[in-house]
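Engineer: Just a sequence and a predicted model for now, questions to come.
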Amino acid sequence: MKRMIPILCLFALSAVTLASAGNIVGGTTTVTFSQTFLNVLTTNSLTPTAIVPGTLVGAQATFPITGGNIDSGGNAFITHSGGLNLAGGGNFLSIGDFVIDTSILGVSGYAKNNSGLNAASVPLFDIGSGLELYLTSTAAGAVSATFFGGDSSVTTALTGLDVGTASPNPQVVPEPGSIALLGSGIVGLAGFLRRRVTQ
């Protein structure tokens, strides 16, 4: 019978993990820009500013989380408001309403510039280990088209650029089924342990 205790403990821990699944109702995601990204901006006289309700303080940009969900497998789909604007040489490129989708390890959003670009659901960043963000070829092409006359060598050089690290802090409301499973796991474990004590 002693061997059953670890099994029931494992069941209870599994219930705790599944209880993390649910709907995202708020929170923020902070992006800490890499020095490499900041150097690229400085070298090319590009000035970043936040698009409200996002904020930019030093090397950190913060964006409100507007919704999303986390499934039982731990994959997150997180939507945001706000964005980031880059300006230089009389041109601008705005990106925003970011969507983090860990199932495809990507971040998408809109992209707009002063040359007529106005696209939604653009793949902007690839997600690496530790939630590092890398510029996609699509986003690199938008930067090149806006500030460098569409130079293909610039697109190639910027593709995969380490932009920084994302730190999502979502507020999650667990799914009712996950809460029930959590409760049944804990009650089952408690009942078994109670019987063990009285034997």
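Structural biologist: Arrived safely, thanks for sending. Numbering: from 1, shown residues only.
Engineer: Apart from its neighbours in sequence, what residue is nearest the residue nearest to the spatial centre of the chain?
Structural biologist: Per CA atoms, centre = their mean, the C-alpha nearest to the average position across the chain is that of I100, at 4.0 Å. Counting by CB to CB, 6 or more residues apart in numbering, I78 is the residue found nearest to I100 once chain neighbours are left out, at 4.3 Å. In short, each C-beta sits where N, CA and C put it, glycine included.
Engineer: S167 is in contact with that neighbour, correct?
Structural biologist: No. I78 is beyond contact range of S167, at 11.8 Å (criterion: CB atoms under 8 Å).
Engineer: Who has more neighbours out of these two?
Structural biologist: Neighbour totals were compared for I78 and S167, and I78 leads with 23 against 14 (other CB atoms under 10 Å).
Engineer: Tell me which helix or strand comes right after whatever helix or strand the more buried one lives in.
Structural biologist: I78 is part of strand 76-80 when elements are defined by DSSP states H and E. For strand 76-80, the following helix or strand on the C-terminal side (DSSP H and E) is strand 83-88.
Engineer: Pull out the buried residues from the following helix or strand past that following strand.
Structural biologist: Per DSSP H and E, the first helix or strand lying C-terminal to strand 83-88 is strand 91-101. By 16 or more other CB atoms under 10 Å, the buried positions in strand 91-101 come out as F92, L93, S94, I95, G96, D97, F98, V99, I100, D101.
Engineer: where's the residue nearest to I100 relative to G160, distance?
Structural biologist: 23 Å (CB to CB, to the nearest Å).
Engineer: for G54, same thing?
Structural biologist: 24 Å.
Engineer: can you check N75 too?
Structural biologist: Distance from N75 to G160, by CB to CB: 23 Å.
Engineer: Number of residues surrounding the nearest residue to D151 once chain neighbours are set aside?
Structural biologist: Using CB to CB, 6+ apart and skipping the chain neighbours, the partner closest in space to D151 is S144 (5.5 Å). By other CB under 10 Å, 20 other residues sit near S144.
Engineer: and the host helix or strand of S144, how far from the chain's centre?
Structural biologist: S144 is part of helix 137-147 when elements are defined by DSSP H and E. Distance of helix 137-147 from its chain centroid, counting by CA atoms, centre = their mean, to the nearest Å, is 21 Å.
Engineer: now that helix against strand 83-88, angle please.
Structural biologist: Calculated by axes from the mean of the first three to the mean of the last three CA atoms, to 10 degrees, helix 137-147 forms an angle of 40 degrees with strand 83-88.
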